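*Asks:* Structure of the sequence below:
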Amino acid sequence: MQEYILLVILLVLFLAVIIFTRYLNKPVKTLFIIYYLALGFLFILVKERIDSADGNVTTPNINWIVNNEWIADIRHLLFVPMIGLVIYLLYKGYTDPKGPWKRSNILGVTIPLAALLAALYFLFSYTYGYHF
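*Replies:* Numbers count the residues shown, from 1 in each chain. Purely as a prediction, here's the structure:
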């Protein structure tokens, strides 16, 4: 389980964003929570199957290709909805006149947030993909 600590950290961060936002209603929050929990479970299940199939394959490159394709698919399924949600939340925060943040705060958080998401995107690929 220690191998999946980055996935757990990502899921906790993503679920915290979903749960603590005030711009989403309960059914949408529930849908996002179910999506991310099911995706995390599916990722671990398939990754374990790919790793355990290592001894049954005659060509080692096959597992490398299968693993990297799986990581790419999951990476996009994890990050694309979250990036879309973050853009939506930043827009809603920017246009909300009664919001707790001023417009300058929203603009000031966009660049660090984009850098954080890009770093997590790269780290996820690097951690779970095979390297040579």
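*Asks:* Does G93 touch V86 like I think?
*Replies:* No - at 10.3 Å, G93 does not count as touching V86 under the criterion of CB atoms under 8 Å. C-beta coordinates here come from the backbone N, C-alpha and C atoms, glycine included.
*Asks:* Which secondary structure state does R22 sit in?
*Replies:* Of the three states, R22 takes coil under DSSP: H, G, I helix; E, B strand; the rest coil.
*Asks:* Could I get the pLDDT score of it?
*Replies:* What the model reports as pLDDT for R22 is 85.
*Asks:* That one: neighbouring residues, count only.
*Replies:* The number of residues packed near R22 is 11, by other CB atoms under 10 Å.
*Asks:* now it: how far from L77?
*Replies:* According to CB to CB, to the nearest Å, R22 and L77 sit 26 Å apart.
*Asks:* Any buried residues in the worst-scoring helix or strand of the chain on mean pLDDT, and which?
*Replies:* When the helices and strands of the chain are scored by mean pLDDT, DSSP states H and E, helix 103-128 comes last with a mean of 83. Buried positions in helix 103-128, judged by neighbour count with 16 or more other CB atoms under 10 Å: I106, L120, Y121, F124, Y128.
*Asks:* again with stretch 76-84
*Replies:* By neighbour count on 16+ other CB under 10 Å, the buried set for stretch 76-84 is L78, F79, P81, M82.
*Asks:* Keep only those of the residues you listed that are in helices.
*Replies:* Those of the buried residues of stretch 76-84 mapping onto helices are L78, F79, P81, M82, per DSSP state H.
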